[in-house]
Each structure stands twice: as C-alpha cells, then as structure tokens.
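Peer 1: can you look at this prediction? I've put the sequence above it.
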Amino acid sequence: MCFKKVSRFILLLCLSLIVVGTFSISAQAAKKMPEFSLPTAVDGELVESKNLEGKALLITFFATWCPPCRQEIPTLIQMQNEYGPQGFSVIGMSVDEGGRKIVAKLVELENINYPVLMAKQSTASDFGGIPGIPTSFLINTKGNIVKTYQGYVAHAILERDVKSVLQ
C-alpha cells in the first residue's frame, strides 16, 4: 500500500515538472542576434549585422583546424545554394587566431560560397558563449536566435530547421 502512494507521488511530481518546464520554455522571450561589424576573411571588407536584417541566417563558429567544422562545409555550401535565393544565408565566423590569410586559403580550397568573417574574442560571448566548435545559431527573419547547435549537425536536421524559419 505504501509503495502505491510513493509511486503516485513520484508520478505526480514528474508530471508537474514536465508541465512547469513546458510553460517556462514557451514563456521565454526570444533572444535577439547581437550586432556585429566584422571583416571578411577573403578581402577584409566589413560586414555589418544591420545589413542582414530580414534574412534567415545560420551563423556558425568554426576554425580551420577543426575536423567536424571542416566536415560541415559541404552541407553549408549546399544549404547556401539551395536556400540563398529564398532569403537565407550561412555566415561563417572564424575563431582562428592565425589571421585572415589561413582562413582565406580554406575559403578558396573548399570553394565556400557564403560570407566567412573573422570573429573577435567578444563575438562568441555576445552570442551567449560557445562551449566548443563548431557551434551554430539559427536566426529567424525577425533577427531572433531560435536554435543553437553544438557540434556537427547532420544535413537533414539543418534543412528541416532552415525550412521552418523560411515559412
């Protein structure tokens, strides 16, 4: 008899936590993408976040020496090709400390077709921090961060999520 009461209590406690968690997640305000003005890796031209308003974005923090980051590049190129005409853009944010030249070589070697910017040390913290690379942020057309990805992300997941912010 005592076991049944404890089991019911645990069940009710779990259900309560699920309900509370559901409401707290839906009640959270969307976080705006931070403003930035950063040079491109290829020619050093400044790209300002205010010029990206109204676009859906996938901002990905990476480094040239990171194997999972390099593994994502073909998917990111394909996403840019497929969804770029619909108002979407991938933005690469290099955290390499060796300067623009090494990143520009990667852009050329991989035929990267999306902007690759040189992130400042403060850029990652402005986005709320990145625990590792690659870390990516999906931004909707209103400029809100709607999803964060840590590590390599499969093409099918990115495609599903990008489609959802373009609708």
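Peer 2: Arrived safely. Numbering: from 1, shown residues only.

Peer 1: the most centrally placed residue in the chain pairs with what?
Peer 2: Of all residues in the chain, the one closest to the mean position by CA atoms, centre = their mean is F137, 1.7 Å from it. Note on F137: beta-bridge partners I59, T148, judged by DSSP bridges.

Peer 1: do I have it right that it meets K147?
Peer 2: Yes: using CB atoms under 8 Å, F137 is in contact with K147, at 7.3 Å. Backbone N, C-alpha and C define where each C-beta goes, glycine included.

Peer 1: would you map the helices across the chain?
Peer 2: If DSSP state H is used as the criterion, the helices of the chain fall at 2-27, 67-83, 100-110, 121-126, 155-166.

Peer 1: which residues does V162 contact?
Peer 2: A56, L58, M79, Y83, F88, L138 (CB atoms under 8 Å, 6 or more residues apart in numbering).

Peer 1: tell me, what's the model's pLDDT at it?
Peer 2: pLDDT recorded at V162 is 96.

Peer 1: and what of K31?
Peer 2: On the pLDDT scale, K31 gets 89.

Peer 1: now it. Nearest residue, chain neighbours left out?
Peer 2: Closest residue to K31 apart from its sequence neighbours, by CB to CB, 6 or more residues apart in numbering: I145 at 4.8 Å.

Peer 1: now for that neighbour, how many residues are close by?
Peer 2: Per other CB atoms under 10 Å, the neighbour tally for I145 reads 18.

Peer 1: with the one 3 residues further on instead?
Peer 2: T148 is flanked by 14 other residues according to other CB under 10 Å.

Peer 1: nearest spatial neighbour of I157, skipping sequence neighbours?
Peer 2: Using CB to CB, 6+ apart, the closest residue to I157 is Y149 (7.9 Å).

Peer 1: so who does that neighbour touch?
Peer 2: Contacts for Y149 (CB under 8 Å, 6+ apart) come out as P134, T135, S136, F137, L138, I157, L158.

Peer 1: now the buried members of the residues you listed.
Peer 2: Taking 16 or more other CB atoms under 10 Å as the criterion, what is buried in the contacts of Y149 is P134, T135, S136, F137, L138, L158.
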